[in-house]
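Enquirer: Just a sequence and a predicted model for now, questions to come.
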Amino acid sequence: MFDDLRELYQEVILDHSKHPRNFRHPEDANHEAHGYNPLCGDTVNVYLKMGHNGLIEDAAFEGKGCAISLASASMMTEIIKGKTETQAKTIFDGFQKLVKGEDDNFDAGEDTERLMVLAGVKQFPMRVKCATLARHAMSSAMDGAEETSTE
Amino acid sequence: MNDMKTFDIEKVRADFPIFAREVHGRPLIYLDSGASAQKPTVVLDAVQKAYAETYANVHRGVHYLSQTSTELYEASRETIRAHMNAASIDEVIFTKNATESINLVAYSYGAANLKEGDEIILSTLEHHSNIVPWQLIAEKTGAVVKAVPIDEHGEFMLDAYLEMLGPRTKIVAVTHISNAIGTIVPVREVIDAAHDAGAVVLIDGSQAVPHMKIDMQALGADFYVFTGHKVFGPTGIGVLYGKAALLDKMPPFLGGGDMINRVTFEKTTFAKGHSKFEAGTPPIVQAIGLGTAIDYVNAIGFDKIAAHEQMLLAYATEQLSQINSLRIIGQAKHKAAIISFTLDDVHPHDIGTIVDRAGVAIRVGHHCAQPLMDHFDVAATARASFALYNNRADVDALVASIRDVQEIFG
């Protein structure tokens, strides 16, 4: 078996894809957006409960997708909960550069290690959109857009 | 050139130079011919020669090369006419692909003949290219698009179709073979019934032409379309067959050079025959390449190609069926060598990425057939599509690579 496949499909990723965290639709969510990849048909709905001063009090998602898109959505909801909108956006702007192979010095503070498990995606350019679909939907939800597309 | 009496798969494979290469350090296992087929050396040589030795624009100059180029371009049209058994070369129009061929019919025939309340019948098996142009023209004309259902095996439901036909039916546009699941549609029955109802029929033959001999006289289709790159020809060339009686009455699709009789600012009159629908400089070299590709498959013979592919289909179906958790989507009685499948708990994109590392090229996704995916309640499938150059070792490699997927996903 090839090393880059093992790196892509690490245990943590498979675990998140098989048992996604925060896979639900919170009734008190006040921001949400639908993300869609027209090339593969994958969908993700990101739900946020934003408090005052931009604090993300709850983050959840529902959707259909591959292991990479489900794992990245699952991990994202865990990481952004309790952070501010600005913090979340900064981390996932960096994450996008990481998986596109544009940043070898990814630094997301205490979350760096957790997100680095998705760094293997950069070896698979066709799969970058899978890893970033949830992140695009999160940004849209924060910005008040209802839909986002990878294309 | 492959000219043996029996089908020699090793000789056929040697005709395709791409099989000399490796992918990720493994021999290429190409199971994506349904998306686009590989090219034999004879086609590559024909393209090279057309540019290097005989190239000039067609139907224009009186100089030597223009005349030579025109003769080769038109010889290719005759090759395709003979191959399809069309009544005349004026019934064979070169386009850029099947999508453009369908759009041509929708915008030219459809716009001129459809009225509010008229019905266009498609099927659930259709590729988006045989759905969207009809939706666009329906929106403009007030016509209504309907889809013939399929059953749980992916069979075209002929009885339901017959009930849908009626005095409002003006156009029936269905695929000959499903690109996503391989179902062969009983197009002869579809065409006869549509004609009884007074409708014209377009058949999308994109997936049929690489696998079977087609005969316009036997079939009776009013329009038949296919693309060159799926039948071992170049990209950028497609064919529209249309009955002369219909084409003669149709307005032009695109306007420009080469499709006119006389142009003044007051009024332009149009060329007759196929020229009316070939505006601008056509894909000259691509057409020459397609003619060579058609000669190539005919030299091997479709009886041998079909027998070989049906053997592969049976072998692959048997081998894949032995994999736990693998579900074959589409099990029609008559199928081309196309197998769509899913694995429990593994998304097709993950399957595609993992088997690729073993050199196995398959298509994953919705195959531009989302209504069909919806029918089977899946967002996507993995699809292995076979052509004359595939062998049993390709099937074995696919099966082994699916075991890799299972190993990774536990």
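Expert: Structure received.
Enquirer: May I ask you to confirm that residue B:202 is in contact with residue B:173?
Expert: Yes - taking Cβ atoms under 8 Å as the definition, residue B:202 is a contact partner of residue B:173 at 4.3 Å. Backbone N, C-alpha and C define where each C-beta goes, glycine included.
Enquirer: tell me, what's touching these two both at once?
Expert: Each of B:102, B:105, B:130 lies in contact with both residue B:202 and residue B:173 under the rule Cβ atoms under 8 Å, 6 or more residues apart in numbering or on different chains.
Enquirer: For chain B, which residues score under the pLDDT cut-off?
Expert: Across chain B, residues meeting the criterion (pLDDT under 70) sit at B:1-5.
Enquirer: what's near enough to touch the residue nearest the centre of it?
Expert: In chain B, the C-alpha nearest the mean C-alpha coordinate belongs to residue B:206, at 1.0 Å (Cα atoms, centre = their mean). The contact partners of residue B:206, taken as Cβ under 8 Å, 6+ apart, are B:98, B:127, B:175, B:179, B:225, B:226, B:227, B:230.
Enquirer: Helices along the stretch 201-350 of chain B, start to end?
Expert: Along the stretch 201-350 of chain B, the segments classed as helices by DSSP state H, counting those that start in this stretch run B:216-219, B:244-247, B:284-300, B:302-321, B:348-356.
Enquirer: Give the buried residues for the fourth one.
Expert: Which is helix B:302-321. Of the residues in helix B:302-321, B:302, B:304-306, B:308-309, B:312-313, B:315-317, B:319-320 count as buried by neighbour count, 16 or more other Cβ atoms under 10 Å in any protein chain shown.
Enquirer: Could you do the second one as well?
Expert: Within helix B:244-247, the residues that qualify as buried by neighbour count (16+ other Cβ under 10 Å) are B:246, B:247.
Enquirer: what separates it from the chain centre, distance-wise?
Expert: Helix B:244-247 sits 22 Å away from the centroid of its parent chain (Cα atoms, centre = their mean, to the nearest Å).
Enquirer: Repeat that for stretch B:277-294.
Expert: With Cα atoms, centre = their mean as the basis, stretch B:277-294 stands 16 Å off its chain's centre.
Enquirer: and if you look at stretch B:376-394?
Expert: Mean C-alpha position of stretch B:376-394 versus that of the full chain (Cα atoms, centre = their mean) differs by 16 Å.
Enquirer: mind listing what the closest residue to chain B within chain A touches?
Expert: Using Cβ to the nearest Cβ, the single residue of chain A nearest to chain B is residue A:66, 3.6 Å away. Listed by Cβ under 8 Å, 6+ apart, the contact partners of residue A:66 are A:17, A:40, A:42, A:127, A:130, B:347, B:348, B:349, B:350.
Enquirer: Switch the buried residues of helix B:302-321 over to CSV; also include distance to residue B:360.
Expert: Listed next are the buried residues of helix B:302-321 as CSV, based on distance: Cβ to Cβ, whole Å:
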residue, distance to residue B:360
B:302, 27
B:304, 25
B:305, 22
B:306, 24
B:308, 20
B:309, 18
B:312, 15
B:313, 17
B:315, 16
B:316, 12
B:317, 17
B:319, 13
B:320, 13
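Enquirer: Nearest to residue B:33 among those residues?
Expert: residue B:309 (10.0 Å; Cβ to Cβ).
Enquirer: which residues does residue B:109 contact?
Expert: With the criterion set at Cβ under 8 Å, 6+ apart, residue B:109 makes contact with B:171, B:200, B:223, B:246, B:250.
Enquirer: Please repeat the previous calculation with a cut-off of 10 Å.
Expert: Neighbour list for residue B:109: B:137, B:170-171, B:200, B:202, B:222-223, B:242, B:246-247, B:249-251, B:253 [criterion: Cβ atoms under 10 Å, 6 or more residues apart in numbering or on different chains].
Enquirer: if you look at those residues, which of them are in strands?
Expert: Judged by DSSP state E, strands contain the following of these: B:170, B:171, B:200, B:202, B:223, B:242.
Enquirer: Look up the closest residue to the residue of the stretch 101-250 of chain B found nearest chain A, ignoring the ones flanking it.
Expert: Nearest to chain A, among the residues of the stretch 101-250 of chain B, is residue B:128, at 10.7 Å (Cβ to the nearest Cβ). Nearest residue to residue B:128 in three dimensions, chain neighbours excluded: residue B:368, at 4.3 Å (Cβ to Cβ, 6 or more residues apart in numbering or on different chains).
Enquirer: give the contact list for the one you found.
Expert: Going by Cβ under 10 Å, 6+ apart, residue B:368 touches B:35, B:99, B:126, B:127, B:128, B:129, B:130, B:131, B:132, B:179, B:180.
Enquirer: neighbours around the last one, how many?
Expert: Looking back up the chat, that one is residue B:180. A total of 29 residues lie near residue B:180 under the criterion other Cβ atoms under 10 Å in any protein chain shown.
Enquirer: same check, this time on the second one
Expert: Using other Cβ under 10 Å, residue B:99 has 21 neighbouring residues.
Enquirer: Surely it is in contact with residue B:226?
Expert: No - no contact is recorded between residue B:99 and residue B:226 when judged using Cβ atoms under 10 Å, the distance being 11.0 Å.
Enquirer: where do the contact lists of those two overlap?
Expert: With contacts taken as Cβ under 10 Å, 6+ apart, residue B:99 and residue B:226 have B:204, B:206, B:238 as neighbours in common.
Enquirer: partners of the closest residue to residue B:35 other than its chain neighbours in the sheet?
Expert: If the residues on either side of it in the chain are set aside, residue B:35 comes closest to residue B:363, at 5.2 Å by Cβ to Cβ, 6+ apart. The partner list for residue B:363 in beta bridges (DSSP bridges) reads residue B:383.
Enquirer: for residue B:363, what are its contacts?
Expert: B:31-36, B:179-180, B:338, B:340, B:348, B:352, B:380-385.
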